[in-house]
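Trainee: predicted model and sequence below, questions to follow.
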Amino acid sequence: MKLCMIGTGYVGLVSGVCFADIGNQVVCVDKDKNKIDKLNSGISPIYEPGLDELIKKNFTAKRLSFTTNINKAINSSDIIFICVGTPTRKGSIKVDLSFVYKCTKEILKYSKRKKIIVTKSTVPVGTGDEIEKIVKRKKKLLTVISNPEFLREGEAIRDFRYPDRIVIGSNEKKPFNIMKKLYAPLTNKGSKFFTTSRRGAELIKYASNAFLATKITFINELANLCEKSGVNIEDISLGMGSDSRIGGRFLRAGPAYGGSCFPKDTKGLVSAAEKYKINLSVVKSVIKSNQERVNLLTKRVHKILGSNLKNKKISFLGVTFKPNTDDMRDSSSLKMIPYLCKKGAKVRYYDPSGEKNEFKKIKNCNYRNNIKSNCNDTDLVVLLTEWDEFKSIDFKKIVKNNKFKVYDLRNLYSAEEMKKNKIEYFSVGRPNTN
Ligand SMILES: NC(=O)c1ccc[n+]([C@@H]2O[C@H](COP(=O)([O-])OP(=O)(O)OC[C@H]3O[C@@H](n4cnc5c(N)ncnc54)[C@H](O)[C@@H]3O)[C@@H](O)[C@H]2O)c1
């Protein structure tokens, strides 16, 4: 099939590349010329394991192309996927849909024949109806359906190829058959093809993300209780997660949830519900608890290092919101590092996905390009992101300061090992380590 992905970010690029890899003709379009130039010279603008190879393979096979020319991209395709960002509006919890509507207008302007518009972007319930209204006003032969994306950064290619379910929301029957054909290579391998109304699909996406955010927040709050009551949070996670009704995933205590989806989608869901005068009090509490968690963990750094942070050396291992991605959106590091620097601490950080623009202007904050130089003479190591290369660090060997401490926000290390090595060690929700 001939597909056009509007928005070549984490979702548009990965799904475009993967659609090409299962035999479709895909054109990825973006308004960011820099991104498209990079892609046309074989460089991926994002860090995603396995993506570079797939881009090269499908680009060379001429199934995949990149352009800023939206007119050409739209008119060479039958199915147009909207994959642009849907961030939170500044100073509000509402979703900023301006990118979605802008590209809808562009599709209308350039479309010369019958096409299907698919929203892959996460959009509030009823957005498809609004897009349809705009389309109908112009009397264009366009069908609007919803196909929310569930891939996770860092595992995006696997998630695209083996999704638990493919959700298609449409108010007409015909698009279901077309989408079934498009996704046949995945459903043939066992992925569930789930059809519902357009509004149903839009809401499934928000409901899923809000539920996962709730699980994380729940276990993080339980970790606080464990620390005070002498129980190990890992036993709780395992004991609870072994119940098939609950399941063990998203039940690991750690920092606040972050990333490009959970923070904005929990807010977006509350705001969409408010439009219908529905109070989603559980989701509201989750948002509040998650915001408080960042403050709580920052206060713990104070507790570990004492009230005066002036000239204290703090080394962050990882700053992205999770491993195997370069995405910094809503990572806890964005609040923790500026706060600690403001209090006079000297913060340095290392992240395998590279230096981050977000910290360049912060006084007393420096990037180091390897673990050793990041940690060698530090007072406190803060493990924020569980990248593989952080899993077996011999701190005694690399830190040249006898009194250094380790604060492990992912419970990556063994408390017993740390004790054996006489390292003062703090972790999350484990007894006698805080
Ligand atoms: N990132 C994820 O893990 C993930 C997972 C599932 C769903 N989603 C959803 O998918 C959507 C996209 O997310 P993302 O992380 O890929 O965003 P992103 O910011 O990485 O990419 C969006 C891209 O769209 C481009 N763009 C914006 N307006 C355009 C226009 N009019 N024409 C052409 N290009 C345009 C931007 O330049 C940018 O490159 C969001 O709604 C998000 O909630 C994201």
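Mentor: Yep, that arrived.
Trainee: residues near Ser260, how many?
Mentor: Ser260 is flanked by 22 other residues according to other CB atoms under 10 Å. The way it works is simple: take the backbone N, C-alpha and C, and place the C-beta from them, glycine included.
Trainee: and if you look at the one 3 residues further on?
Mentor: A count of neighbours around Pro263, defined by other CB under 10 Å, yields 22.
Trainee: can you give me the strands in the stretch 201-350 of the chain?
Mentor: 313-317, 346-350 (DSSP state E, counting those that start in this stretch).
Trainee: which other helices and strands contact the first one?
Mentor: Meaning strand 313-317. helix 333-342, strand 346-350, helix 371-375, strand 380-383 (3 or more CB pairs under 8 Å, 6 or more residues apart in numbering; DSSP states H and E).
Trainee: how about a cut-off of 6 Å?
Mentor: strand 346-350, strand 380-383 (3 or more CB pairs under 6 Å, 6 or more residues apart in numbering; DSSP states H and E).
Trainee: Throw the strands of the stretch 201-350 of the chain into JSON lines and include distance to the ligand, mean pLDDT and mean neighbour count, thanks.
Mentor: As requested, those are arranged in JSON lines below (distance: least, CB to the nearest ligand atom, whole Å; pLDDT from 0 to 100; neighbours: other CB atoms under 10 Å):
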{"stretch": "strand 313-317", "distance to the ligand": "23", "mean pLDDT": "98", "mean neighbour count": "25"}
{"stretch": "strand 346-350", "distance to the ligand": "22", "mean pLDDT": "98", "mean neighbour count": "22"}
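Trainee: take those and write them to CSV, including distance to Phe81.
Mentor: Shown next, in CSV, are the strands of the stretch 201-350 of the chain (distance: least, CB to CB, whole Å):
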stretch, distance to Phe81
strand 313-317, 36
strand 346-350, 36
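Trainee: hey, C-alpha coordinates of the host helix or strand of Thr195 in CSV?
Mentor: Taking DSSP states H and E as the criterion, Thr195 maps to strand 192-196. Taking Å, rounded to 0.1, in the frame of the first residue of the first chain, the C-alpha atoms of strand 192-196 are listed here in CSV:
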residue,chain,number,x,y,z
LYS,A,192,-5.0,-9.1,18.0
PHE,A,193,-6.9,-6.8,15.6
PHE,A,194,-9.4,-4.9,17.7
THR,A,195,-12.1,-2.8,16.1
THR,A,196,-14.3,-0.2,17.8
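Trainee: now it: buried residues?
Mentor: For strand 192-196, a neighbour-count test (16 or more other CB atoms under 10 Å) marks Phe193, Thr195 as buried.
Trainee: check stretch 389-407 too.
Mentor: Phe390, Ile393, Phe395, Ile398, Val399, Phe404, Lys405, Val406, Tyr407.
Trainee: sitting in helices, which of the residues you listed do you find?
Mentor: Judged by DSSP state H, helices contain the following of the buried residues of stretch 389-407: Phe395, Ile398.
Trainee: and the buried residues of stretch 389-407, which is closest to Val319?
Mentor: Phe390 (12.0 Å; CB to CB).
Trainee: does the closest one really touch Leu317, like I thought?
Mentor: Yes - shown here, Phe390 and Leu317 form a contact pair, counting by CB atoms under 6 Å, at 5.1 Å.
Trainee: wait, which of the buried residues of stretch 389-407 is closest to the ligand?
Mentor: The ligand lies nearest to Phe390 out of the buried residues of stretch 389-407, by CB to the nearest ligand atom, at 22.0 Å.
Trainee: could you report the separation of Phe193 from Lys2?
Mentor: Taking CB to CB, to the nearest Å as the measure, Phe193 falls 21 Å from Lys2.
Trainee: also Ala61?
Mentor: Ala61 is 15 Å from Lys2, by CB to CB.
Trainee: more neighbours: which of the two?
Mentor: Neighbours were counted for Ala61 and for Lys2 using other CB under 10 Å; Lys2 has more, 14 against 11.
Trainee: assign a three-state SS to the residue nearest to Lys391 when sequence neighbours are not counted, would you?
Mentor: Nearest non-adjacent residue to Lys391, counting by CB to CB, 6 or more residues apart in numbering: Leu412, 6.2 Å away. Put simply, Leu412 is coil when judged by DSSP: H, G, I helix; E, B strand; the rest coil.
Trainee: need the pLDDT of Leu412.
Mentor: Looking at Leu412, its pLDDT reads 97.
Trainee: direction included, what does the strand holding Thr195 pair up with?
Mentor: Next to strand 192-196 in the sheet, as set by DSSP bridges, lie strand 165-169 (parallel).
Trainee: the partner strand close to the ligand?
Mentor: No - Strand 165-169 is not in contact with the ligand by CB under 6 Å from any ligand atom; minimum separation 11.7 Å.
Trainee: tell me which helix or strand comes right after that strand.
Mentor: helix 174-182.
Trainee: run through who's touching the very next helix or strand once past that following helix.
Mentor: Per DSSP H and E, the first helix or strand lying C-terminal to helix 174-182 is helix 184-187. Taking CB atoms under 6 Å, 6 or more residues apart in numbering as the criterion, the residues outside helix 184-187 that touch it are Ile22, Phe193.
Trainee: redo that, cut-off 7 Å
Mentor: Ile22, Arg161, Pro163, Ile166, Phe193 (CB atoms under 7 Å, 6 or more residues apart in numbering).
Trainee: what is the burial count for the first one?
Mentor: This points to Ile22. Ile22: 17 neighbours (other CB under 10 Å).
Trainee: centre of the chain to stretch 344-361, how far?
Mentor: On the basis of CA atoms, centre = their mean, to the nearest Å, stretch 344-361 sits 20 Å off its chain's mean C-alpha point.
Trainee: that stretch: which residues count as buried?
Mentor: Quick answer for stretch 344-361 (16+ other CB under 10 Å): Ala345, Lys346, Val347, Arg348, Tyr349, Tyr350, Asp351, Pro352, Ser353, Lys356, Glu358, Phe359.
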